[in-house]
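Participant: dropping the sequence and predicted coords here.
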Amino acid sequence: MQAPSAAIVLIAAFSGFALGVNGAFVWAGAAIERGAAALSAAAPMARGLERDRLLDTAQADLRQGLVLARGDARAWDRLAEVRWLQATGAAVREVSPTLLAEAETATRRAQTLAPASAAAPIRLAAIAALDPARTDVAVAALAASYAAAPEASEWSVRRVAAAGRVWSALDPALRAQVTSEVCAAMRGEAGAADAFARAASAPDAPETAGLGQVLAAASCPAR
């Protein structure tokens, strides 16, 4: 029997390598999707051990996927959201500076990969607004978020609450943008009226502290 040529051996080796790489990326994508599903399930839940468990699962799966999918902006953003929720909404009510720092690192990575996204600067504003020494960072992030997405959205409560925390540092133009977002949401244009109502019932939570400041200042025209 004639031995296979060097070219055939090389092609076979390359095919095996390609299949292995493809399989690894499929595995990474599956891990990211599992993490995203766990995050989606955990996000609307009340504080508690079950929510903590789901967030731990989401964090582990997303990190596994990002070992290979380092350029996946959505995966970095989801990891950042997990770390934010773990830092501010865990069963243990103290805010974790370590997890906040990890949330910020992942958010900045996502922002680098997808600079047009509004979610990243909104989260950065929320993180920075928790620290009075970083008011300037929060204000800059708020301005960037409105430049990217001025309209009300699923992130309205978070953005408005962050604005409320640094309200005295906002210039009139930025205050006007925040007020406009509140009024649009309260009219139900973005389906956010219920979210604002729920948020107002937890005024001391890190996610919503500052919201009352803006709601009190907003003067929305009648429909």
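Facilitator: Looks like it came in fine. Numbering: from 1, shown residues only.

Participant: nearest spatial neighbour of S145, skipping sequence neighbours?
Facilitator: Nearest residue to S145, sequence neighbours excluded (CB to CB, 6 or more residues apart in numbering): P121, at 3.9 Å. Just so you know, the C-beta spots here come from the backbone N, C-alpha and C atoms, and that holds for glycine as well.

Participant: how close does the one you found get to A114?
Facilitator: From P121 over to A114 the distance is 11 Å, taken as CB to CB, to the nearest Å.

Participant: neighbour count winner among those two?
Facilitator: P121 (24 against 15; other CB atoms under 10 Å).

Participant: residues in contact with that one?
Facilitator: 111, 141-142, 144-145, 148 (CB atoms under 8 Å, 6 or more residues apart in numbering).

Participant: of these, closest to A218?
Facilitator: L142 (15.6 Å; CB to CB).

Participant: name the nearest residue to the closest one, ignoring sequence neighbours.
Facilitator: Using CB to CB, 6+ apart, the closest residue to L142 is A125 (4.6 Å).

Participant: please tell me I have it right and the one you found contacts V160.
Facilitator: No: assessed by CB atoms under 8 Å, A125 is found out of contact with V160, at 10.3 Å.

Participant: okay, domains of this structure per the record?
Facilitator: Residue ranges for the domains of the chain, per automatic domain parsing: 1-107, 116-223.

Participant: got CSV for the ones you listed, with mean pLDDT too?
Facilitator: Shown next, in CSV, are the domains of the chain (pLDDT from 0 to 100):
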stretch, mean pLDDT
domain 1-107, 83
domain 116-223, 82
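
Participant: would you check how far apart L113 and W155 are?
Facilitator: The spacing between L113 and W155, counted by CB to CB, is 18 Å.

Participant: ditto for A116
Facilitator: For A116, the distance to W155 equals 14 Å [CB to CB].

Participant: looking at these two, which one has more neighbours?
Facilitator: Taking neighbours as other CB under 10 Å, A116 and W155 compare with W155 leading, 22 against 9.

Participant: what sits against that one?
Facilitator: 118-119, 122.

Participant: torsion angles phi and psi at it?
Facilitator: Note on W155: its backbone torsions stand at phi -100, psi 10 [degrees, to the nearest 10].

Participant: do L170 as well
Facilitator: phi -80, psi 140.

Participant: of the domains of the chain, flag the one that's most buried.
Facilitator: Comparing the domains of the chain by mean neighbour count (mean count of other CB atoms under 10 Å), domain 116-223 comes out on top with a mean of 18.

Participant: can you pull up the most central residue in the chain?
Facilitator: E81 (3.7 Å; CA atoms, centre = their mean).
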